[in-house]
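**Q** Got a predicted model here, sequence first, then my questions.
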Amino acid sequence: MHVVEQERATPRIIASARGLVSGKPVSEVAFPLADRVWGFLREHPEITHKGINIWTYRPSPVGELVVEASVELNEKFTSTEDVECSETPTGPVATCLHTGPYKGLGLAHLAIDEYCHDQGIKQEGTQWEVYGHWNEDESKLETKVFHLLIN
């Protein structure tokens, strides 16, 4: 069961790479982007990170989905052509914690959608997932899901 709450999201500094999901599964776009970010961080050990992956999904002006794969950092760095230093979205959100295998994350998003519908709350369209540290026991994986709300 997913318990949905409202809170104010604060910015997290991230190293990120973006791509457009155009008729492909999100994972086919996001995993190579994540590999790009992690490769960059391995090449630049002076950029320290928290080991936390964050995937952000934004609607594009033409109706497609933009995915941003990122890693949470301890401090800012100068962006490059391949990897950008940015921040996660901020503002009012509906959020819930998903515990268990990643294949169940859709249920967390659905719980937030249903909560917002039932409460008459409008969503902005931007969503993100903050993945907890890896655990071999998939039943212990924790991912916090956020949906940005319209003020």
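**A** Ah, there it is. Since we're looking at a predicted model, the values are computed, not measured.
**Q** hey, where'd the helices end up in the protein?
**A** Taking DSSP state H as the test, the helices found in the chain are 26-43, 105-119.
**Q** Which strand runs longest in this structure?
**A** As assigned by DSSP state E, the longest strand anywhere in the chain is strand 49-59.
**Q** Of all the residues in that strand, which ones are buried?
**A** Residues of strand 49-59 classed as buried: His49, Asn53, Ile54, Trp55, Thr56, Tyr57, Arg58 (neighbour count, 16 or more other C-beta atoms under 10 Å). C-betas here are computed from N, CA, C, even on glycine.
**Q** Also stretch 77-96?
**A** Those would be Phe77, Val83, Glu84, Cys85, Ser86, Thr88, Pro89, Val93, Ala94, Thr95, Cys96, for stretch 77-96 by 16+ other C-beta under 10 Å.
**Q** Look up how far Thr143 lies from Pro59.
**A** Going from Pro59 to Thr143 by C-beta to C-beta, to the nearest Å gives 21 Å.
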